[in-house]
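*Asks:* have a look; sequence and predicted model below, questions after that.
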Amino acid sequence: RSVREKGQAEVKALRSKLDVMYNVRSTLEGELQSARDELEGLKREHKRKEESWDSLKASTKTLTQALVRLEDDNQARSLAQASEQGELLRLKVLLEKSGGEVHRLRGLLGDMEKQASEMVAPQVLQEAENGIAVLRREMGQMRGER
């Protein structure tokens, strides 16, 4: 064979290899572009998830603060109710004590008025009236305590 034929055969073989290399390059460039597109999509998705996470953290913080305020309000209400109940109980006990004392004083007043009406002596009558006045003052003071 001649040198020319050998050269043409080598050129043909090299062109064939070059075509294969162009095909491989084209395939690799397509795969590289697909990888870049996928990377961009992943970056966008990551950014969206970060924004969603930040929004979720802000919402959680707001909810936590609201929960703390509610717990504080509930504690304050509970303390106020307990205080009111304690005061009501104290007043009820005082009223019950006062009621018994008023009943006792009314009985004494009635007895003294009866004794005063039965007595004839002016001095005894005066003492009874003084006792009645004292009892009335005590009753008035007790009514004022309620």
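*Replies:* Nice, I can see it.
*Asks:* which residues of this structure score low on pLDDT?
*Replies:* 1, 116-122, 124-125, 145-146 (pLDDT under 70).
*Asks:* ok, longest helix in it?
*Replies:* helix 3-118 (DSSP state H).
*Asks:* packing partners of the following helix or strand past it?
*Replies:* Of the helices and strands lying after helix 3-118 in sequence (DSSP states H and E), the nearest is helix 122-145. Here helix 122-145 touches helix 3-118, going by 3 or more CB pairs under 8 Å, 6 or more residues apart in numbering; DSSP states H and E. All C-beta atoms are positioned from the backbone trio N, CA, C, and that covers glycine.
*Asks:* the helix it packs on - contacts with which helices or strands?
*Replies:* The contact analysis (3+ CB pairs under 8 Å, 6+ apart) places helix 3-118 against helix 122-145.
*Asks:* off-centre distance for the helix it packs on?
*Replies:* Mean-position distance between helix 122-145 and its chain equals 58 Å (CA atoms, centre = their mean, to the nearest Å).
*Asks:* please write out the alpha-carbon positions of that helix in CSV.
*Replies:* Output in CSV follows, covering the C-alpha atoms of helix 122-145 (Å, rounded to 0.1, in the frame of the first residue of the first chain):
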residue,chain,number,x,y,z
PRO,A,122,-86.8,55.6,139.7
GLN,A,123,-83.2,54.7,140.5
VAL,A,124,-83.6,51.1,139.3
LEU,A,125,-85.5,52.4,136.2
GLN,A,126,-82.6,54.7,135.5
GLU,A,127,-80.0,51.9,135.8
ALA,A,128,-82.1,49.7,133.4
GLU,A,129,-82.3,52.5,130.9
ASN,A,130,-78.6,53.1,131.1
GLY,A,131,-78.0,49.3,130.5
ILE,A,132,-80.4,49.4,127.6
ALA,A,133,-78.5,52.4,126.1
VAL,A,134,-75.2,50.5,126.4
LEU,A,135,-76.7,47.4,124.7
ARG,A,136,-78.1,49.5,121.9
ARG,A,137,-74.7,51.1,121.3
GLU,A,138,-73.1,47.7,121.2
MET,A,139,-75.7,46.5,118.7
GLY,A,140,-75.1,49.6,116.6
GLN,A,141,-71.4,49.0,116.6
MET,A,142,-71.9,45.4,115.6
ARG,A,143,-74.1,46.4,112.7
GLY,A,144,-71.5,48.8,111.6
GLU,A,145,-68.9,46.0,111.5
